[in-house]
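Engineer: kindly generate the corresponding structure for this input.
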Amino acid sequence: MSFIKLQVIAPILKALDTEGYTTPTPIQQQAIPVVLQGRDLLGCAQTGTGKTAAFAIPILQKLYNQKTEDKAPKQIKALILTPTRELAIQINESFEAYGKHTGLNHLVIFGGVSQQSQTNGLRRGVDILIATPGRLLDLMQQHYVSLQHLQFFVLDEADRMLDMGFIHDVKKIITRLPAKRQTLFFSATMPTEIAKLSQSILNNPVKVEVTPVSSTAEKVEQAVYFVEKDDKKNLLIHLLKDKNIASALVFTRTKHGADKVAKELNKANVKTDAIHGNKSQNARQRALTNFKNGQIRVLVATDIAARGIDVELLSHVINFELPNIPETYVHRIGRTGRAGASGIALSFCDREEKVFLRDIHKLTAQAIPVVDEHPYKMLQPSYEETKANHQKTSSNARPFAPRRSMSQRRWSQ
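Structural biologist: Reported below is the predicted structural model:
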C-alpha cells in the first residue's frame with residue numbers, strides 16, 4: 001500500500017516524500033479514505049500509530065481542492081482540539097510539514113503565553129486552527145474566534161481531555177460548532193463518558209481500531225523492578241550508569257516528584273530536565289528541544305505534560321512511579337518503540353504500587369518480567385507487616401497464623 005493508492009494529491013505527496021514517508025501506517029490506510037469520502041470517523045488508536053497524519057492529510061487535501069473555487073477571505077474551516085500545549089505544537093508542525101505546498105495556512109493557540117501573537121494571527125485569517133480548550137474558549141468569548149464557517153472538527157486524545165478535567169470545556173465548544181460538519185474523534189481508550197460523548201457528536205461514523213486498548217507496543221521490551229520507595233532514586237541512578245540507555249523518558253505521578261527526580265539525577269551528573277504543567281511554555285519547549293537533540297539524556301515528565309512528546313529513537317521509558325490507571329501504563333510505554341522501532345520500558349514497583357501492577361497485568365493480559373538481580377531489591381515484609389496486611393485485607397478470615405520454619409517447629413517440640 002502506498003499514499004498514491006490512497007489517492008493523495010501531488011502537492012501533499014511531494015511533502016510526504018520530503019519527510020521520508022513512503023508507506024502509510026495501518027490507521028492511515030484505514031482513515032484517509034474514510035475522511036476523503038466525507039464520513040465521520042471514530043478512531044481508537046494507541047499513541048505512536050501515526051494518527052495525526054491520518055486526519056491531517058485528508059483535511060489538507062479536501063481544503064486544497066476547495067481553494068481554487070473559494071475566493072472569500074480566509075476563515076476557520078478546520079478545528080483540531082487537543083489537550084496539551086506540547087501536542088498542539090506537534091500537530092501544528094505536522095500540518096506545516098504535510099501542507100507546505102498547498103498554500104493553506106494554520107495557527108496554533110494555547111494558554112500559558114501572551115495571546116497577542118495568536119490574536120494577530122487570527123486577524124490575518126486562518127484555514128486550520130489547532131487549539132487547547134481553555135485558550136480557545138477564552139478567545140471565543142473575546143470574539144477573536146468565529147467557527148460559523150467550520151467544516152471539519154477533530155477531537156484528539158479525548159480520553160486525556162477527560163483525565164485532565166477539560167471535558168466540560170470541550171462540551172461548551174461543541175455547542176458552538178455548526179451542526180453541518182465532518183467530525184473526527186480520536187481516543188486511545190474508550191471509558192464510558194468518552195463513549196457517550198462520541199455517540200452524541202458523531203453521525204453514523206466509521207470505526208477504525210488498529211490496536212486494542214489493552215495492548216502494549218509489540219516491539220517494546222518490558223521489565224519490572226520491585227524496590228522500596230526510598231530506594232527508587234538510587235536504583236534509577238544505578239541503571240543510568242548503563243551507557244546503553246542513550247535517552248530515557250522518566251515518568252512520575254506529580255509535578256513536585258518530577259522536579260525532585262530531575263534534581264537528584266543532575267546531582268549524580270546525569271544531564272536531566274523536568275517537564276510539567278507548572279513550567280512556563282518557554283521552559284517546557286526548551287527542555288523538549290534539548291531532549292530531542294541530545295543535549296540532555298533524561299527528561300522527567302508527568303503524564304499530562306508527556307502527552308504529545310514524540311521523540312524518534314527514544315531508547316527507554318522508565319516508570320519511576322507506576323500509574324494508578326492501567327491504561328496510562330500503555331500510553332507511557334508507547335512513547336518508545338514508535339514507528340516500528342524497538343524500545344525498552346522499565347518500571348519500579350514499591351509495596352503500595354503492587355495493586356497497580358496487578359491491574360496492569362489484568363488489562364494487558366500479560367505478566368511483566370521481573371528483574372531480581374539488582375542492588376536495591378525489595379526486602380521481604382516483616383512478621384508485623386504481613387500480619388497487619390492480612391488483617392487489613394481479610395477482616396473476616398480466620399486468625400493470622402504464619403507458617404513456621406523447620407527450625408521453629410523443632411524448637412516448639
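Engineer: where in the protein is the helix or strand with the lowest mean pLDDT?
Structural biologist: helix 406-412 (a mean of 34; mean pLDDT, DSSP states H and E).
Engineer: could you report the neighbour count for Asp230?
Structural biologist: 9 (other C-beta atoms under 10 Å). Yep, even glycine has a C-beta here, placed from its N, CA and C like the rest.
Engineer: distance check, it against Gln366.
Structural biologist: Noted for Asp230: a distance of 29 Å to Gln366, by C-beta to C-beta, to the nearest Å.
Engineer: where's Lys279 relative to Asp127, distance?
Structural biologist: From Lys279 across to Asp127, the span is 31 Å (C-beta to C-beta).
Engineer: now Leu235
Structural biologist: Leu235 is 50 Å from Asp127, where distance means C-beta to C-beta.
Engineer: what sits against the closest residue to Glu228 other than its chain neighbours?
Structural biologist: Spatial nearest neighbour of Glu228, chain neighbours left out: Met378 (5.6 Å); criterion: C-beta to C-beta, 6 or more residues apart in numbering. Neighbour list for Met378: Phe226, Val227, Glu228, Asp350, Arg351 [criterion: C-beta atoms under 8 Å, 6 or more residues apart in numbering].
Engineer: which of those residues are buried?
Structural biologist: Phe226, Val227, Asp350 (16 or more other C-beta atoms under 10 Å).
Engineer: would you confirm that the second one contacts Leu235?
Structural biologist: Pointing back at Val227 there. Yes. Assessed by C-beta atoms under 8 Å, Val227 is found in contact with Leu235 at 5.2 Å.
Engineer: what residues are shared contacts of these two?
Structural biologist: Residues touching both Val227 and Leu235 by C-beta under 8 Å, 6+ apart: Phe348, His374, Tyr376.
Engineer: got a list of what the last one touches?
Structural biologist: Which is Tyr376. Tyr376 makes contact with Tyr225, Val227, Glu228, Asp231, Lys232, Asn234, Leu235, His238, according to C-beta under 8 Å, 6+ apart.
Engineer: burial measure for the fourth one, as a count.
Structural biologist: Here the neighbour count serves as a burial measure; for Asp231 (other C-beta under 10 Å) it reads 19.
Engineer: for Gln222, see how far away the closest residue to it other than its chain neighbours is.
Structural biologist: Distances taken as C-beta to C-beta, 6+ apart put Tyr376 closest to Asp231, at 4.1 Å, once the chain neighbours are dropped. According to C-beta to C-beta, Tyr376 and Gln222 sit 19 Å apart.
Engineer: repeat that for Phe166.
Structural biologist: Computed as C-beta to C-beta, the Phe166 to Gln222 distance reads 30 Å.
Engineer: equivalent analysis for Glu93, please.
Structural biologist: Using C-beta to C-beta, Glu93 is found at 30 Å from Gln222.
Engineer: for these two, indicate the residue with more neighbours.
Structural biologist: Gln222 (21 against 15).
Engineer: so which residues make contact with the helix or strand where that one lies?
Structural biologist: Under the criterion of DSSP states H and E, Gln222 resides in strand 220-226. Residues outside strand 220-226 that contact it (C-beta under 8 Å, 6+ apart): 216, 235, 317, 333-334, 336-337, 342-350, 357, 368-371, 374, 376-378.
Engineer: more crowded one of Leu235 and Asp127?
Structural biologist: Using other C-beta under 10 Å as the criterion, Leu235 and Asp127 rank with Asp127 on top: 24 against 20.
Engineer: out of the buried ones among the contacts of Met378, who's nearest Arg123?
Structural biologist: For the buried ones among the contacts of Met378, the residue nearest Arg123 by C-beta to C-beta is Asp350; the value is 53.1 Å.
Engineer: tell me which residues touch the closest one, please.
Structural biologist: By C-beta under 8 Å, 6+ apart, the residues touching Asp350 are Phe226, Val227, Glu228, Lys229, Lys232, Met378.
Engineer: thanks again, I'm all set now.
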